[in-house]
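In: just coords:
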Ligand code: TYM
C-alpha cells in the first residue's frame, strides 16, 4: 500500500470547513486505500504564542474532531506530533541542508511574519516548513493530502529529499502533494477572493464546524455574493457564488453541474438557505461525536499513545538511517 501522511494544527479550536473540505475529508477516504499517518501538529502551533492549558485542550479537541470526521484508529495511525521526538531530530538535519534564502521564500512565512511584525516573529515560524519536511520524510510518505496553501511546503520537501538523497545516498521517498482541484481552496465568506483562514479571516468569513448551526446559517446567508442573479460556477466573475457551489456540491457528493442545474432559475437566497441546512445536517452528528470523544479523555489519550507507538517505530528507523548516512557516530 502506498503511504500518505498529513497534519493539522490544534491552534484553532474548531476546525473550519476549509480544513475539512480541503484536507481532512481526503484523509478519511485515503485510510481505505493507503497506509495512512495523520497527526495533530502541536509543535507547529508553538510557532505562535499559545496559552499552555489551551494548547493541551486544543490538541485533544483536534484529535477528537479527526475521529469524529471518520478517522478510524484501526485503519490509520493517528497521533500527536510531539509524541514522536524523531520529527524534531530529523528536522535539524534538514535545517542544515536548507538555504537561508530558500527558507525566506516561503510565502506562508512571509504573510504571517508581515502580519505580526519582525519583532514578534519567532525563528520557529521561519523554520516551520522544515519541521514539516521532516514530518513527511520521516514516514517515507508517497503522498501528502493537503489544501493548496501547503503546496509550496511540499515542493520544499521534494527538493530537500532529492538533495539529501543526492548528497548522502538514496534513503528518502520523494513525496507528491495530493490536492483535489475542486476543494483545494475554500474561500472566506466575506471576501471570496482570499482563502478561509483562522489567522486572517474575520469570524463572519469562517464556517466553524463546531459552531452552533444558527450561527453558521447566519454566516452563510450573509455571505458576500455579486449583484447578479444567475447561479453559475464562475470563480473569476462570481467568486462568492462559486465558493458556495463548491461547498454544496462536495457535501452532497454531487457535481458542480448538478448543483447549478438544481438552482437554475432560482435566486441566491434559495442556494444559501439550502446550504445552511446541508452544513447544519453535516455538522450536527460531527459535533455530537466530537463531544463523545472529549467526554472520555482517558480513552482518547490511550488511543493517541497507541498511535504514537506505531508512528515511532517507523520514524525511529528512518532517523537511524539518516543519522548513519550523514556520518553521526552511533552512540552505544
Ligand atoms: P493547517 O493546520 O493550517 O491546515 C490543515 C489543512 O487544512 C487545509 N486548509 C484548507 N484547504 C482548503 N481551503 C482552505 N481555506 C484551507 N485552509 C486550510 C490546509 O491546506 C491543510 O492541509 N503546515 C500545515 C500542517 C502540517 C502538515 C505537516 C501538513 C504540519 N506538518 C505535514 C502535511 C504534512 C498547516 O499548518 O495546516
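Out: Good, I have the coordinates. Given the structure is predicted, the values throughout are model-derived calculations rather than measurements. Residues are numbered from 1 along each chain as shown.
In: residues near the residue lying closest to residue 200 once chain neighbours are set aside, how many?
Out: Leaving aside its sequence neighbours, residue 200 sits nearest to residue 194 (CB to CB, 6 or more residues apart in numbering; 6.9 Å). Bear in mind the C-beta positions are built from the backbone N, C-alpha and C, glycine included. Around residue 194 sit 14 other residues, with neighbours defined as other CB atoms under 10 Å.
In: residues in contact with the closest residue to residue 237 other than its chain neighbours?
Out: The shortest distance from residue 237 to any non-neighbouring residue, by CB to CB, 6+ apart, is to residue 226 (7.2 Å). By CB atoms under 8 Å, 6 or more residues apart in numbering, the residues touching residue 226 are 237, 238, 239, 240, 241.
In: wait, residue 82 sits on residue 40?
Out: No. The pair residue 82 / residue 40 is not scored as a contact, 9.1 Å apart, by CB atoms under 8 Å.
In: now for the helix-or-strand element of the chain with minimal mean pLDDT, which elements pack on it?
Out: For the chain, the helix or strand with the lowest mean confidence is helix 107-116, at a mean of 87 (criterion: mean pLDDT, DSSP states H and E). Counting contacts by 3 or more CB pairs under 8 Å, 6 or more residues apart in numbering; DSSP states H and E, helix 107-116 is packed against helix 123-137, helix 151-168.
In: how far does the longest helix anywhere in the chain sit from the chain's center?
Out: The longest helix of the chain (DSSP state H) is helix 297-326. Between the centre of helix 297-326 and the centre of its chain there are 20 Å (CA atoms, centre = their mean, to the nearest Å).
In: What is the burial count for residue 160?
Out: By other CB under 10 Å, 24 other residues sit near residue 160.
In: related to what we said a few turns ago, state the mean pLDDT of the longest helix of the chain.
Out: Computed over helix 297-326, the mean pLDDT rounds to 98.
In: Likewise for stretch 197-215?
Out: The pLDDT scores in stretch 197-215 average 92.
In: Look at it and report the distance between its end residues.
Out: Length of stretch 197-215, first residue to last, CA to CA, to the nearest Å: 18 Å.
In: Check stretch 184-204 too.
Out: Start-to-end, stretch 184-204 (CA to CA) is 21 Å.
In: do the same with stretch 206-219
Out: Termini of stretch 206-219 sit 8 Å apart (CA to CA).
In: For it, list every residue counted as buried.
Out: 206, 207, 208, 209, 210, 211, 213, 216, 217, 219 (16 or more other CB atoms under 10 Å).
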